[in-house]
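> need a structure here:
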Amino acid sequence: MSFLQDWLAGLPATVALALLAWAVATARSNAGLVDIFWSLFFLAAAAVYAVPAEAIDGRALLVLALVALWSLRLAGYLAARNWGAPEDHRYRAIRARNEPGFAWRSLYLVFGLQAVLAWIISAPLAAAIGSGQPAGALDGAGAALVVFGLGFEALADAQLARFKADPRNAGGVMDRGLWRYSRHPNYFGEFCLWWGFWLLAAAAGAWWTVFSPLLMSLLLLRVSGVALLEKDIGQRRPQYANYVLRTNAFFPGPRRSV
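Numbers count the residues shown, from 1 in each chain. As a prediction, the model looks like this:
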């Protein structure tokens, strides 16, 4: 099949998983549980992209393995953190703006939207898995960047989890480890990961799927990532203002003196 046919085949998979996520989240009155399913949307799409391949080659196996590692690690981390917790304040704000009837509106405002976004961003996965072209040096560079991003994100998440687990840090600001050099090192890791997947697609000739990491970068920096989280964090954590003055927002760098 052509790339477009392969790519379109992933959309029903992400939408079906979104319906399941919506049912679970609605039953628990917690739309924030969609975060657990975000990375799983990509794993579902990648699995579908592998189905029409006549033979799973080295690049396809590599991409599938990397997607699975990232997806299952992130979903597991978020499930452990969010499953029994109250609804995240970001989703409570969305709920408040869309009552009455949020339970039904969330099906497209939250779950459907994220499923479609994940499908769009998954384009490099479809291109890399279905290419059938021999692997080369660019594949190695892409895989290395994915592994770096995955590791950076995982380490940042682990450091933050340990910080939050200590009652002495309640209401404080995490400014240790990777968080000393970036206010959002987990998002920076995600950024690197998706540019790595694009390099794997470019190695297969699908350089034009660059819209995927560009869209992910926009989401991380300007929409649902850094910009949204920092919109009101200063009100919840008074020490954050000083942290902002001393620490880069996204790309890691040395701390500034103030």
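
> Going by C-alpha atoms from here, please, whenever you check contacts or count neighbours.
Will do.

> So which elements touch the strand or helix carrying Phe188?
Taking DSSP states H and E as the criterion, Phe188 maps to helix 185-203. For helix 185-203, the elements it packs on are helix 58-82, helix 123-130, helix 137-165, helix 211-218, judged by 3 or more C-alpha pairs under 8 Å, 6 or more residues apart in numbering; DSSP states H and E.

> If you count contacts, what does the third one end up packed against?
Secondary structure elements in contact with helix 137-165, counted by 3+ C-alpha pairs under 8 Å, 6+ apart, are helix 58-82, helix 185-203.

> do the same with the first one
Under the contact definition 3+ C-alpha pairs under 8 Å, 6+ apart, helix 58-82 sits against helix 34-50, helix 123-130, helix 137-165, helix 185-203.

> Need the per-residue pLDDT for Asn98.
Confidence at Asn98, expressed as pLDDT, is 95.

> Ok, Asp57 next?
Confidence per residue is given as pLDDT, and for Asp57 that number is 81.

> What's the mean pLDDT across the helix holding Phe188?
97.

> From the chain's centre, how far out is it? Work that out for me.
Taking C-alpha atoms, centre = their mean, to the nearest Å, the mean C-alpha location of helix 185-203 is offset from the chain mean by 11 Å.

> hey, which of the helices and strands packed on helix 137-165 is tucked in deepest?
Here the criterion is mean neighbour count by mean count of other C-alpha atoms under 10 Å, and of the helices and strands packed on helix 137-165 the winner is helix 185-203, at a mean of 26.

> angle of that one against helix 211-218?
Using axes from the mean of the first three to the mean of the last three C-alpha atoms, to 10 degrees, the interaxial angle of helix 185-203 with respect to helix 211-218 works out to 170 degrees.

> For helix 185-203, output the C-alpha coordinates as CSV.
Presented in CSV, the C-alpha positions along helix 185-203 are these (Å, rounded to 0.1, in the frame of the first residue of the first chain):
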residue,chain,number,x,y,z
PRO,A,185,13.5,18.7,31.0
ASN,A,186,10.9,16.0,30.5
TYR,A,187,9.4,18.1,27.6
PHE,A,188,12.9,18.6,26.2
GLY,A,189,13.4,14.9,26.2
GLU,A,190,10.1,14.5,24.3
PHE,A,191,11.2,17.1,21.8
CYS,A,192,14.5,15.2,21.1
LEU,A,193,12.6,11.9,20.8
TRP,A,194,10.2,13.2,18.0
TRP,A,195,13.0,14.8,16.0
GLY,A,196,14.8,11.4,16.3
PHE,A,197,11.8,9.6,14.9
TRP,A,198,11.7,12.2,12.1
LEU,A,199,15.3,11.4,11.2
LEU,A,200,14.4,7.7,10.9
ALA,A,201,11.6,8.7,8.5
ALA,A,202,13.9,11.0,6.6
ALA,A,203,16.4,8.2,6.3
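
> what sits up against the strand or helix carrying Ala241?
Assigning secondary structure by DSSP H and E places Ala241 in helix 240-246. Under the criterion C-alpha atoms under 8 Å, 6 or more residues apart in numbering, residues Val173, Asp175, Arg183, Ile233, Gly234, Arg255, Arg256, Ser257, Val258 lie in contact with helix 240-246.

> which of the residues you listed sit farthest apart?
Spatially, the most separated pair among the contacts of helix 240-246 is Ile233 and Ser257, at 21.7 Å (C-alpha to C-alpha).

> more neighbours, those two?
Just comparing Ile233 and Ser257: by other C-alpha atoms under 10 Å the higher neighbour count belongs to Ile233, 13 against 7.

> How much space separates the more buried one from Val244?
Using C-alpha to C-alpha, to the nearest Å, one obtains 11 Å as the distance from Ile233 to Val244.

> Please determine how far the closest residue in space to Arg256 that isn't next to it in sequence is located from Leu178.
When the adjacent residues along the chain are set aside, Arg256 lies closest to Arg246, with 4.6 Å between them (C-alpha to C-alpha, 6 or more residues apart in numbering). In this structure, Arg246 and Leu178 are separated by 14 Å, where distance is defined by C-alpha to C-alpha.
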